[in-house]
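Student: quick one: sequence plus predicted model below, questions after.
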Amino acid sequence: MIDIVSYRIRIGMYHKGKRTMTKHNCNGKSYGKLPIGFSCALRVAIFCAITLLILAGDVESNPGPRPTGGTQTRQSTLDEIAREPTLKDILKQMHDMNEEIQQSIAKNTIEVSNKVDNLNRKIDSLNQRLKDIEEENKQIRADNIYLQKQMDIVEAQSRRNNLVFYGFTEEEKETWEISEQKVRNFITDKLGLNAESIAIERAHRINTKTNPRPIIAKFANYKEKENILKESRLLQQKRRKKQNYRKDEHRSVSEDFTRRVRTIRNKLQPKIKEAIENKKRFRLRYDKLIIEGEAFTYNIEKEELVKL
């Protein structure tokens, strides 16, 4: 029989209010002294482990808890990560892309360069053509000016026997005979010439907007026409010397010039007024103004006064 004290000592109970140490035997062998409390806890743990093993049964029939969805997701994520390209692959792809881009840029550069060369050749061709056209235009303008001058000469030849009379009052429904008689009266009364001996082929009003309209008269003899023009110029010089003269005396005679010459003579009027104010001697001959030996004309194309 084992007394209660020995039983308590064996199972690790406290004895007499103190923790005691005991020897544990296994098959009659001693393993040294262990704390009584530890020995009790060890026994409880062993008991629990054996109970769990009995409850678990066979491993094949009870393999354990089934894998959850989270585990499958993690596995698939790991698989995807494994399938992702590595840094080396990425660098290789970037290198290949860079080579493709460089090749494309080089190809496009060559194409653009060829197009630019073609455009430059076309531009050079157009510039040369433009220069040729400009030269042709210059020649055409020069020829046009020459032809215009030749036409003016021919037209002037047809007008060489004409004189234009300004400042003569105009009657209503005035006939050519009336206009001619007014010219003859002026030649006789103001110029002091024998108008009856002067042959006038025709005399009539010119269709202009001025009032009164001037009278153009064509003389049969060129010398008689020049004599009338000379006397009319002397008359104008006498009038300039007068301080005042009657309005009805403000009549003048000029040659019948072409439209171009009339335009030039009108443009020379400011220069004539300047010469008169400065009391300089001048002559206006055809399309030229001569002031004390210096000749001037007006360039219609350039619209400027030219000193000859």
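Tutor: Here it is on my side, so go on.

Student: let me see the mean pLDDT of the top helix by length along the chain.
Tutor: For the chain, the helix that runs over the most residues, judged by DSSP state H, is helix 87-159. In this model, helix 87-159 carries a mean pLDDT of 86.

Student: next structured bit after that helix?
Tutor: Using DSSP states H and E, the helix or strand that directly follows helix 87-159 along the chain is strand 162-166.

Student: and that next one, what's buried?
Tutor: When neighbours are counted by 16 or more other Cβ atoms under 10 Å, the buried residues of strand 162-166 are found to be 162, 163, 164, 165. All C-beta spots, glycine's among them, are computed from the backbone N, C-alpha and C.

Student: ok, stretch 188-197 next?
Tutor: Buried, per 16+ other Cβ under 10 Å, within stretch 188-197: 191, 193, 195.

Student: so what touches it?
Tutor: Applying Cβ atoms under 8 Å, 6 or more residues apart in numbering, the set of residues contacting stretch 188-197 from outside is 183, 184, 185, 187, 227, 228, 231, 232, 235, 251.

Student: just to revisit the earlier point, would you format the buried residues of strand 162-166 as TSV with distance to residue 97 and pLDDT included?
Tutor: Formatted as TSV, the buried residues of strand 162-166 follow (distance: Cβ to Cβ, whole Å; pLDDT from 0 to 100):
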residue	distance to residue 97	pLDDT
162	92	92
163	95	91
164	91	90
165	96	91
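
Student: just the closest of the residues you listed to residue 95, please.
Tutor: Looking at these and their distance to residue 95, the nearest is residue 164, at 95.7 Å (Cβ to Cβ).

Student: what pairs with that closest one across the strands?
Tutor: The residues listed as beta-bridge partners of residue 164 by DSSP bridges are residue 216, residue 254.

Student: state the distance from it to residue 219.
Tutor: With distances taken as Cβ to Cβ, to the nearest Å, residue 164 is found 12 Å from residue 219.

Student: same thing with residue 107?
Tutor: 87 Å.

Student: same deal with residue 43?
Tutor: Distance, residue 43 to residue 219, by Cβ to Cβ: 167 Å.

Student: which one of these two has more residues nearby?
Tutor: The neighbour count for residue 43 versus residue 219, taken as other Cβ atoms under 10 Å, is higher for residue 219 (23 against 12).

Student: grab the nearest non-local neighbour of that one.
Tutor: Computed as Cβ to Cβ, 6 or more residues apart in numbering, the closest residue to residue 219 that is not its neighbour in sequence is residue 225, at 4.2 Å.

Student: that neighbour reaches residue 183, doesn't it?
Tutor: No. Here residue 225 lies out of contact with residue 183, judged by Cβ atoms under 8 Å, at a distance of 11.7 Å.

Student: please identify the buried residues of stretch 257-265?
Tutor: Within stretch 257-265, the residues that qualify as buried are 257, 258, 260, 261, 264, 265, counting by 16+ other Cβ under 10 Å.

Student: next one: stretch 176-185
Tutor: Residues 179, 180, 182, 183, 184 are the ones in stretch 176-185 that count as buried (16+ other Cβ under 10 Å).

Student: how's the chain carved up into domains?
Tutor: Taking automatic domain parsing as the criterion, the chain consists of the domains 4-56, 82-158, 160-256, 258-308.

Student: what's the angle from the helix or strand containing residue 237 to strand 162-166?
Tutor: Element membership for residue 237, per DSSP H and E: helix 222-241. Using axes from the mean of the first three to the mean of the last three Cα atoms, to 10 degrees, the inter-axis angle of helix 222-241 relative to strand 162-166 is 30 degrees.

Student: only C-alpha atoms, please: export helix 222-241 in CSV.
Tutor: Only the C-alpha atoms of helix 222-241 are listed here, as CSV (Å, rounded to 0.1, in the frame of the first residue of the first chain):
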residue,chain,number,x,y,z
TYR,A,222,1.9,124.7,-141.5
LYS,A,223,3.8,128.0,-141.7
GLU,A,224,0.7,130.0,-141.2
LYS,A,225,-0.1,127.8,-138.1
GLU,A,226,3.4,128.4,-136.7
ASN,A,227,3.0,132.2,-137.3
ILE,A,228,-0.3,132.3,-135.4
LEU,A,229,1.3,130.3,-132.5
LYS,A,230,4.3,132.7,-132.4
GLU,A,231,2.1,135.8,-132.3
SER,A,232,-0.1,134.3,-129.6
ARG,A,233,3.0,133.6,-127.4
LEU,A,234,4.1,137.2,-127.8
LEU,A,235,0.6,138.3,-126.7
GLN,A,236,0.8,136.1,-123.6
GLN,A,237,4.1,137.7,-122.7
LYS,A,238,2.6,141.2,-123.0
ARG,A,239,-0.3,140.1,-120.7
ARG,A,240,2.1,138.8,-118.1
LYS,A,241,3.7,142.2,-117.8
